[in-house]
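> Below is the sequence, then the predicted model.
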Amino acid sequence: APTLLGARSFDRAMARKWVEAVFGRCSLCGRCSLNCTTGIHLATIFRAARSALAEMGLVPSDLQSVVATSLESGNNMGITKQDWIETVEWIEEELQTAVGDPGARIPVDKAGAKILFTVNPREPKFFPLTLQASATVFHAAKEDWTVASEGWDLTNYGLFTGDSVQAGAIAENLWRSMQRLGCRVLIIGECGHGYAAARWEAPEWLRREPGFEVRSFLELMEDYFRDRRLRVDPDRHPDPVTLHDPCNLVRHGGVSEPQRAILRRTVRRFVEMIPNRAENFCCGGGGGQLAMARFQAKRIQAGGVKAEQIRRSGAKTVVAPCHNCIDQLMELNREYKLGVSIKTVAEMVADALVFDPPVGR
(Lines give C-alpha, C1' and ligand atoms only; values in the text may rest on other atoms or scores of the structure.)
Protein backbone atom coordinates (compact mmCIF):
# COMPACT_ATOMS: atom_id res chain seq x y z
CA ALA A 1 0.00 0.00 0.00
CA PRO A 2 1.25 3.55 -0.71
CA THR A 3 1.02 4.46 2.99
CA LEU A 4 3.38 1.64 3.97
CA LEU A 5 5.96 3.01 1.51
CA GLY A 6 5.73 6.53 2.89
CA ALA A 7 3.65 7.95 0.03
CA ARG A 8 1.98 11.32 0.62
CA SER A 9 -0.69 13.32 -1.16
CA PHE A 10 0.41 15.29 -4.18
CA ASP A 11 -0.54 18.80 -3.14
CA ARG A 12 0.97 22.21 -3.82
CA ALA A 13 3.59 21.77 -1.10
CA MET A 14 4.65 18.44 -2.55
CA ALA A 15 4.79 19.95 -6.04
CA ARG A 16 7.26 22.57 -4.82
CA LYS A 17 9.41 19.81 -3.35
CA TRP A 18 9.35 18.23 -6.80
CA VAL A 19 10.78 21.45 -8.22
CA GLU A 20 13.77 21.12 -5.92
CA ALA A 21 14.18 17.44 -6.76
CA VAL A 22 13.73 17.35 -10.55
CA PHE A 23 15.11 20.78 -11.45
CA GLY A 24 17.56 21.46 -8.61
CA ARG A 25 19.02 18.02 -7.98
CA CYS A 26 18.84 16.38 -11.41
CA SER A 27 20.59 17.35 -14.64
CA LEU A 28 18.76 14.63 -16.65
CA CYS A 29 22.17 13.15 -17.38
CA GLY A 30 20.86 9.59 -17.22
CA ARG A 31 23.88 8.04 -15.54
CA CYS A 32 21.70 6.68 -12.75
CA SER A 33 19.89 4.56 -15.35
CA LEU A 34 23.09 2.62 -16.02
CA ASN A 35 22.96 1.35 -12.44
CA CYS A 36 19.21 0.83 -12.15
CA THR A 37 18.68 -2.85 -11.27
CA THR A 38 15.35 -2.94 -13.13
CA GLY A 39 16.56 -1.07 -16.22
CA ILE A 40 14.35 2.01 -15.84
CA HIS A 41 15.40 5.01 -17.95
CA LEU A 42 15.23 7.39 -15.03
CA ALA A 43 15.98 10.55 -17.02
CA THR A 44 12.72 9.98 -18.90
CA ILE A 45 10.87 9.68 -15.60
CA PHE A 46 12.37 12.91 -14.30
CA ARG A 47 11.54 14.75 -17.52
CA ALA A 48 7.96 13.51 -17.18
CA ALA A 49 7.93 15.02 -13.70
CA ARG A 50 9.21 18.29 -15.17
CA SER A 51 6.38 18.11 -17.72
CA ALA A 52 3.85 17.82 -14.89
CA LEU A 53 5.36 20.85 -13.19
CA ALA A 54 5.33 22.75 -16.49
CA GLU A 55 1.59 22.15 -16.73
CA MET A 56 1.25 23.72 -13.29
CA GLY A 57 3.40 26.71 -14.20
CA LEU A 58 6.16 25.69 -11.80
CA VAL A 59 9.17 25.72 -14.12
CA PRO A 60 11.84 27.97 -12.56
CA SER A 61 11.27 31.40 -14.09
CA ASP A 62 14.82 31.95 -15.35
CA LEU A 63 14.78 28.62 -17.22
CA GLN A 64 11.34 29.33 -18.67
CA SER A 65 12.48 32.76 -19.80
CA VAL A 66 15.09 31.16 -22.06
CA VAL A 67 12.33 29.20 -23.80
CA ALA A 68 10.17 32.31 -24.05
CA THR A 69 13.02 34.23 -25.70
CA SER A 70 13.50 31.42 -28.23
CA LEU A 71 9.81 31.41 -29.09
CA GLU A 72 9.68 35.19 -29.44
CA SER A 73 12.92 35.89 -31.30
CA GLY A 74 13.97 32.58 -32.87
CA ASN A 75 17.04 32.14 -30.67
CA ASN A 76 17.60 31.85 -26.95
CA MET A 77 19.58 35.09 -26.62
CA GLY A 78 17.29 37.34 -28.58
CA ILE A 79 19.93 38.17 -31.20
CA THR A 80 18.33 40.18 -34.01
CA LYS A 81 18.58 39.12 -37.62
CA GLN A 82 20.67 42.19 -38.41
CA ASP A 83 23.10 41.55 -35.55
CA TRP A 84 23.43 37.90 -36.53
CA ILE A 85 24.22 38.70 -40.17
CA GLU A 86 26.65 41.47 -39.24
CA THR A 87 28.44 39.10 -36.89
CA VAL A 88 28.69 36.45 -39.59
CA GLU A 89 30.12 39.03 -42.01
CA TRP A 90 32.71 40.10 -39.45
CA ILE A 91 33.72 36.50 -38.72
CA GLU A 92 33.97 35.90 -42.48
CA GLU A 93 36.51 38.72 -42.74
CA GLU A 94 38.49 37.20 -39.87
CA LEU A 95 38.33 33.83 -41.59
CA GLN A 96 39.73 35.25 -44.81
CA THR A 97 42.65 36.78 -42.95
CA ALA A 98 43.33 33.62 -40.94
CA VAL A 99 43.40 31.26 -43.95
CA GLY A 100 44.97 33.78 -46.33
CA ASP A 101 42.18 33.43 -48.86
CA PRO A 102 39.93 36.39 -49.75
CA GLY A 103 37.55 33.91 -51.34
CA ALA A 104 36.76 32.16 -48.06
CA ARG A 105 33.07 32.50 -47.25
CA ILE A 106 30.44 31.89 -44.61
CA PRO A 107 27.43 31.60 -46.92
CA VAL A 108 24.10 32.89 -45.65
CA ASP A 109 20.80 31.55 -47.05
CA LYS A 110 22.50 29.70 -49.90
CA ALA A 111 19.57 27.95 -51.54
CA GLY A 112 20.19 24.32 -52.44
CA ALA A 113 23.36 23.99 -50.35
CA LYS A 114 24.01 20.43 -49.27
CA ILE A 115 24.45 21.33 -45.60
CA LEU A 116 22.66 23.72 -43.28
CA PHE A 117 24.94 24.37 -40.30
CA THR A 118 23.28 25.42 -37.05
CA VAL A 119 24.88 27.34 -34.22
CA ASN A 120 24.59 27.89 -30.48
CA PRO A 121 23.85 31.62 -29.89
CA ARG A 122 26.69 31.74 -27.39
CA GLU A 123 29.08 31.58 -30.34
CA PRO A 124 28.11 34.85 -32.06
CA LYS A 125 27.45 36.46 -28.67
CA PHE A 126 30.51 35.40 -26.65
CA PHE A 127 32.66 32.89 -28.55
CA PRO A 128 32.99 34.05 -32.18
CA LEU A 129 36.30 32.22 -32.58
CA THR A 130 34.39 28.95 -32.19
CA LEU A 131 32.18 29.79 -35.15
CA GLN A 132 35.26 30.87 -37.09
CA ALA A 133 36.86 27.49 -36.32
CA SER A 134 33.85 25.64 -37.73
CA ALA A 135 33.91 27.83 -40.84
CA THR A 136 37.64 27.11 -41.21
CA VAL A 137 36.92 23.38 -41.22
CA PHE A 138 34.22 23.79 -43.87
CA HIS A 139 36.55 25.94 -45.97
CA ALA A 140 39.38 23.41 -45.75
CA ALA A 141 37.02 20.57 -46.70
CA LYS A 142 35.61 22.59 -49.63
CA GLU A 143 32.10 21.91 -48.40
CA ASP A 144 28.85 23.09 -49.95
CA TRP A 145 27.27 24.65 -46.88
CA THR A 146 25.32 27.57 -45.50
CA VAL A 147 23.95 29.14 -42.36
CA ALA A 148 20.43 30.54 -42.24
CA SER A 149 19.50 34.16 -41.61
CA GLU A 150 16.57 32.91 -39.52
CA GLY A 151 16.08 29.57 -37.80
CA TRP A 152 19.78 29.03 -37.11
CA ASP A 153 19.74 28.37 -33.32
CA LEU A 154 20.40 24.71 -32.52
CA THR A 155 19.52 25.00 -28.81
CA ASN A 156 16.18 23.85 -27.45
CA TYR A 157 15.56 24.47 -23.76
CA GLY A 158 12.09 23.02 -24.12
CA LEU A 159 13.89 19.70 -23.66
CA PHE A 160 14.76 20.88 -20.15
CA THR A 161 11.48 22.49 -19.09
CA GLY A 162 9.50 19.39 -20.04
CA ASP A 163 7.06 21.32 -22.24
CA SER A 164 6.96 19.24 -25.41
CA VAL A 165 4.63 21.65 -27.23
CA GLN A 166 7.07 24.53 -26.82
CA ALA A 167 10.02 22.24 -27.54
CA GLY A 168 8.34 21.19 -30.78
CA ALA A 169 7.74 24.82 -31.76
CA ILE A 170 11.45 25.57 -31.29
CA ALA A 171 12.45 22.46 -33.25
CA GLU A 172 10.14 23.59 -36.05
CA ASN A 173 12.38 26.65 -36.60
CA LEU A 174 15.18 24.42 -37.89
CA TRP A 175 12.82 22.36 -40.03
CA ARG A 176 11.43 25.50 -41.67
CA SER A 177 14.95 26.66 -42.51
CA MET A 178 15.71 23.32 -44.13
CA GLN A 179 12.53 23.50 -46.21
CA ARG A 180 13.04 27.16 -47.12
CA LEU A 181 16.62 26.65 -48.30
CA GLY A 182 16.21 23.17 -49.74
CA CYS A 183 19.24 21.74 -47.94
CA ARG A 184 19.72 17.98 -47.66
CA VAL A 185 21.57 17.55 -44.36
CA LEU A 186 20.98 19.41 -41.10
CA ILE A 187 24.26 19.60 -39.20
CA ILE A 188 23.99 20.30 -35.48
CA GLY A 189 27.04 22.13 -34.16
CA GLU A 190 28.81 21.02 -31.02
CA CYS A 191 25.98 20.88 -28.50
CA GLY A 192 24.81 17.90 -26.51
CA HIS A 193 21.19 18.76 -25.90
CA GLY A 194 20.86 20.46 -29.28
CA TYR A 195 21.79 17.22 -31.00
CA ALA A 196 19.51 15.09 -28.81
CA ALA A 197 16.59 17.46 -29.37
CA ALA A 198 16.99 17.71 -33.16
CA ARG A 199 18.00 14.11 -33.88
CA TRP A 200 15.90 12.06 -31.49
CA GLU A 201 13.19 14.14 -29.85
CA ALA A 202 11.92 16.50 -32.58
CA PRO A 203 10.14 13.79 -34.62
CA GLU A 204 8.31 12.73 -31.45
CA TRP A 205 7.33 16.29 -30.56
CA LEU A 206 6.21 17.14 -34.11
CA ARG A 207 4.64 13.75 -34.85
CA ARG A 208 6.32 13.37 -38.23
CA GLU A 209 9.59 12.48 -39.88
CA PRO A 210 11.84 15.39 -40.89
CA GLY A 211 12.39 14.37 -44.52
CA PHE A 212 16.11 15.18 -44.29
CA GLU A 213 19.19 13.80 -42.56
CA VAL A 214 20.18 15.10 -39.12
CA ARG A 215 23.82 14.65 -38.10
CA SER A 216 26.32 15.95 -35.59
CA PHE A 217 29.17 18.15 -36.81
CA LEU A 218 31.46 15.60 -35.15
CA GLU A 219 30.22 12.86 -37.46
CA LEU A 220 30.75 15.11 -40.46
CA MET A 221 34.28 16.06 -39.45
CA GLU A 222 35.16 12.39 -39.02
CA ASP A 223 33.93 11.83 -42.59
CA TYR A 224 36.23 14.59 -43.79
CA PHE A 225 39.22 12.84 -42.27
CA ARG A 226 38.19 9.47 -43.67
CA ASP A 227 37.82 11.01 -47.12
CA ARG A 228 41.17 12.81 -46.74
CA ARG A 229 39.57 16.22 -47.14
CA LEU A 230 41.49 17.60 -44.15
CA ARG A 231 45.21 17.57 -43.36
CA VAL A 232 46.44 18.35 -39.86
CA ASP A 233 49.71 18.60 -38.00
CA PRO A 234 49.31 17.02 -34.52
CA ASP A 235 52.57 18.59 -33.39
CA ARG A 236 50.63 21.85 -33.03
CA HIS A 237 48.99 20.24 -29.98
CA PRO A 238 51.97 18.72 -28.13
CA ASP A 239 50.52 18.75 -24.59
CA PRO A 240 48.18 16.05 -23.27
CA VAL A 241 44.53 16.53 -24.24
CA THR A 242 41.49 14.88 -22.67
CA LEU A 243 37.86 14.68 -23.73
CA HIS A 244 34.65 15.36 -21.85
CA ASP A 245 31.61 13.32 -22.93
CA PRO A 246 28.43 15.46 -22.91
CA CYS A 247 25.56 13.39 -21.52
CA ASN A 248 23.00 14.21 -24.21
CA LEU A 249 25.47 13.65 -27.03
CA VAL A 250 27.04 10.44 -25.74
CA ARG A 251 24.91 8.66 -23.15
CA HIS A 252 21.57 9.71 -24.68
CA GLY A 253 22.67 10.45 -28.24
CA GLY A 254 25.02 7.58 -29.06
CA VAL A 255 27.79 9.74 -30.55
CA SER A 256 30.97 8.76 -28.73
CA GLU A 257 33.57 7.68 -31.29
CA PRO A 258 33.86 10.42 -33.97
CA GLN A 259 35.32 12.95 -31.52
CA ARG A 260 37.88 10.40 -30.37
CA ALA A 261 38.91 9.45 -33.89
CA ILE A 262 39.33 13.15 -34.70
CA LEU A 263 41.43 13.93 -31.63
CA ARG A 264 43.70 10.93 -32.18
CA ARG A 265 44.56 12.41 -35.57
CA THR A 266 44.76 16.01 -34.40
CA VAL A 267 46.74 15.97 -31.14
CA ARG A 268 50.04 14.40 -30.18
CA ARG A 269 48.86 12.86 -26.90
CA PHE A 270 45.21 12.02 -26.25
CA VAL A 271 44.35 10.72 -22.77
CA GLU A 272 40.97 9.45 -21.64
CA MET A 273 39.22 10.42 -18.44
CA ILE A 274 38.29 7.45 -16.27
CA PRO A 275 35.46 6.49 -16.59
CA ASN A 276 34.50 7.64 -20.07
CA ARG A 277 31.92 7.37 -22.85
CA ALA A 278 28.48 6.37 -21.49
CA GLU A 279 29.98 5.86 -18.03
CA ASN A 280 31.48 9.35 -17.91
CA PHE A 281 30.31 11.68 -15.16
CA CYS A 282 28.07 14.66 -15.92
CA CYS A 283 29.87 17.98 -15.58
CA GLY A 284 26.86 19.32 -13.68
CA GLY A 285 25.83 21.91 -16.27
CA GLY A 286 23.15 19.93 -18.11
CA GLY A 287 19.40 19.85 -17.72
CA GLY A 288 19.15 23.63 -17.85
CA GLN A 289 21.20 24.01 -14.66
CA LEU A 290 23.20 26.90 -16.08
CA ALA A 291 20.03 28.91 -16.55
CA MET A 292 18.76 28.47 -12.98
CA ALA A 293 20.61 30.85 -10.68
CA ARG A 294 19.15 29.49 -7.45
CA PHE A 295 20.87 26.13 -7.97
CA GLN A 296 24.31 27.52 -8.80
CA ALA A 297 25.98 26.38 -5.58
CA LYS A 298 24.69 22.83 -6.04
CA ARG A 299 25.82 22.86 -9.67
CA ILE A 300 29.38 23.83 -8.76
CA GLN A 301 29.48 21.34 -5.91
CA ALA A 302 28.23 18.52 -8.15
CA GLY A 303 30.89 19.45 -10.69
CA GLY A 304 33.60 18.56 -8.20
CA VAL A 305 33.47 14.97 -9.44
CA LYS A 306 34.22 16.13 -12.98
CA ALA A 307 36.94 18.46 -11.75
CA GLU A 308 38.67 15.53 -10.06
CA GLN A 309 38.38 13.48 -13.27
CA ILE A 310 40.11 16.26 -15.17
CA ARG A 311 42.84 16.66 -12.58
CA ARG A 312 43.60 12.94 -12.59
CA SER A 313 43.88 12.88 -16.39
CA GLY A 314 46.93 15.16 -16.26
CA ALA A 315 45.68 16.96 -19.36
CA LYS A 316 46.48 20.56 -20.18
CA THR A 317 43.49 20.93 -22.52
CA VAL A 318 39.93 19.68 -22.05
CA VAL A 319 37.92 19.27 -25.23
CA ALA A 320 34.16 19.47 -24.77
CA PRO A 321 31.84 19.29 -27.80
CA CYS A 322 29.03 21.21 -26.07
CA HIS A 323 28.72 24.87 -25.09
CA ASN A 324 26.70 24.22 -21.94
CA CYS A 325 29.44 21.85 -20.83
CA ILE A 326 32.09 24.40 -21.77
CA ASP A 327 30.43 27.09 -19.67
CA GLN A 328 30.24 24.74 -16.70
CA LEU A 329 33.81 23.51 -17.19
CA MET A 330 35.06 27.10 -17.31
CA GLU A 331 33.47 27.72 -13.92
CA LEU A 332 34.91 24.47 -12.54
CA ASN A 333 38.30 25.45 -13.94
CA ARG A 334 38.20 28.64 -11.84
CA GLU A 335 36.57 27.16 -8.75
CA TYR A 336 38.82 24.10 -8.49
CA LYS A 337 41.95 25.80 -9.89
CA LEU A 338 42.50 23.19 -12.60
CA GLY A 339 44.70 25.38 -14.81
CA VAL A 340 43.45 23.88 -18.08
CA SER A 341 42.28 25.38 -21.35
CA ILE A 342 38.89 24.35 -22.68
CA LYS A 343 38.20 23.96 -26.40
CA THR A 344 35.69 22.56 -28.86
CA VAL A 345 36.66 19.79 -31.26
CA ALA A 346 36.41 22.20 -34.20
CA GLU A 347 38.84 24.60 -32.53
CA MET A 348 41.36 21.80 -32.10
CA VAL A 349 41.00 20.79 -35.73
CA ALA A 350 41.16 24.35 -37.07
CA ASP A 351 44.32 25.11 -35.06
CA ALA A 352 46.03 22.02 -36.50
CA LEU A 353 44.93 22.38 -40.15
CA VAL A 354 47.56 22.42 -42.86
CA PHE A 355 46.54 24.28 -46.00
CA ASP A 356 48.02 23.84 -49.44
CA PRO A 357 49.93 26.93 -50.57
CA PRO A 358 47.97 29.20 -52.94
CA VAL A 359 48.38 28.39 -56.61
CA GLY A 360 51.23 30.35 -58.18
CA ARG A 361 53.40 30.55 -55.06
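Perfect, thanks for sending it. These numbers come from a predicted model, not from an experiment.
> contacts, neighbours, all on C-alpha from now
Will do.
> helix/strand/coil for Leu116?
The three-state label given to Leu116 by DSSP: H, G, I helix; E, B strand; the rest coil is strand.
> ok, what's across the strand from it?
With DSSP bridges as the criterion, Leu116 is bridged to Thr146, Leu186.
> Any figure for the gap between it and Cys282?
The gap separating Leu116 from Cys282 is 29 Å, by Cα to Cα, to the nearest Å.
> These two: who's more crowded?
Using other Cα atoms under 10 Å as the criterion, Leu116 and Cys282 rank with Leu116 on top: 29 against 24.
> tell me the contacts of the more buried one?
When contacts are counted by Cα atoms under 8 Å, 6 or more residues apart in numbering, Leu116 touches 145-148, 178, 183-187.
> Now do it against Pro128, distance only.
Applying Cα to Cα to Leu116 and Pro128 gives a distance of 18 Å.
> since we're on Val318, how many residues are nearby?
Per other Cα under 10 Å, the neighbour tally for Val318 reads 22.
> Now do the same for it: helix, strand or coil?
Once three-state DSSP is applied, Val318 turns out strand.
> All further residue positions should be reported with the first residue as 685.
Sounds good: first residue 685 from here, last item Val1002.
> Model confidence for it, exactly?
Val1002 is assigned 98 on the pLDDT scale.
> Please apply the same query to the one 10 residues further on.
Listed pLDDT for Gln1012 reads 98.
> Now it. Nearest residue, chain neighbours left out?
In space, and not counting its chain neighbours, Gln1012 is closest to Gly969: 5.3 Å by Cα to Cα, 6 or more residues apart in numbering.
> so who does that neighbour touch?
Gly969 touches 711, 983, 987, 1008-1009, 1011-1012, counting by Cα under 8 Å, 6+ apart.
> out of the residues you listed, who has the most neighbours?
Asn1008 (27 neighbours).
> Quickly note the distance from it to Phe730.
20 Å.
> what does Pro959 give?
Distance of Pro959 to Phe730, computed by Cα to Cα: 24 Å.
> between the two, which one's more packed in?
Remark: of Pro959 and Phe730, Phe730 carries more neighbours, 20 against 10, as counted by other Cα under 10 Å.
> Which strand or helix spans the more buried one?
Assigned by DSSP states H and E, Phe730 belongs to helix 726-739.
> who's in contact with Met939?
No, residue 939 isn't Met; it's Val. 903, 933.
> er, Lys798 I mean
Here Lys798 is in contact with 828-829, 867-869 (Cα under 8 Å, 6+ apart).
> which of these are buried?
By neighbour count, with 16 or more other Cα atoms under 10 Å, the contacts of Lys798 hold 829, 867-869 as buried.
> how much space between the closest residue in space to Val934 that isn't next to it in sequence and His928?
Spatial nearest neighbour of Val934, chain neighbours left out: Ser940 (5.2 Å); criterion: Cα to Cα, 6+ apart. Ser940 sits 10 Å away from His928, taking Cα to Cα as the criterion.
> Look at those two and report which has more neighbours.
His928 (27 against 18).
> got the contact list for the closest residue to that one other than its chain neighbours?
Spatially, and ignoring its direct neighbours in sequence, His928 is nearest to Ala1004 (5.1 Å; Cα to Cα, 6+ apart). Contact analysis of Ala1004 by Cα under 8 Å, 6+ apart lists 927-930, 1010, 1026-1029.
> Inside helices: which ones of the residues you listed?
Among these, DSSP state H puts 1010, 1029 in helices.
> Take the contacts of Ala1004 and write them to CSV, including distance to Leu1037.
Formatted as CSV, the contacts of Ala1004 follow (distance: Cα to Cα, whole Å):
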residue, distance to Leu1037
Leu927, 19
His928, 22
Asp929, 24
Pro930, 25
Ile1010, 23
Ile1026, 19
Lys1027, 15
Thr1028, 15
Val1029, 12
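> wait, which of the contacts of Ala1004 is closest to Ala697?
Ala697 has its nearest neighbour among the contacts of Ala1004 in Pro930, at 33.7 Å by Cα to Cα.
> ok, back up a step: relative to Pro808, how far out is the residue nearest to His928?
Taking Cα to Cα, one finds Ala1004 at 18 Å from Pro808.
> which parts of the helix or strand containing Glu888 are buried?
For Glu888, the element it lies in under DSSP H and E is helix 886-890. By 16+ other Cα under 10 Å, the buried positions in helix 886-890 come out as 886-887, 889-890.
> Among these, pick out the one closest to Leu737, please.
Trp889 (18.1 Å).
> does Arg948 really touch Pro942, like I thought?
No. In this structure Arg948 lies outside contact range of Pro942 using Cα atoms under 8 Å: 10.0 Å.
> Do you have the strands of the stretch 785-934 of the chain handy? List them.
Taking DSSP state E, counting those that start in this stretch, the strands of the stretch 785-934 of the chain run over residues 799-802, 829-830, 869-872, 897-900, 925-927.
> Kindly report the same for the stretch 935-1045 of the chain.
Going by DSSP E, counting those that start in this stretch, the stretch 935-1045 of the chain shows strands at 1001-1003, 1025-1027.
> so where's the protein uncertain?
Applying pLDDT under 70 to the chain flags residues 685-688, 1042-1045.
> center of it - which residue?
Centroid check for the chain by Cα atoms, centre = their mean gives Cys875 as the closest residue, at 1.0 Å.
> Was I right to think that residue contacts Leu933?
Yes. Counting by Cα under 8 Å, Cys875 does reach Leu933; the two are 7.4 Å apart.
> and the nearest residue to His877 once chain neighbours are set aside, how many neighbours?
Leaving aside its sequence neighbours, His877 sits nearest to Asn932 (Cα to Cα, 6+ apart; 5.2 Å). Asn932 has 25 neighbouring residues, counting by other Cα under 10 Å.
> Nice, that's everything, thank you.
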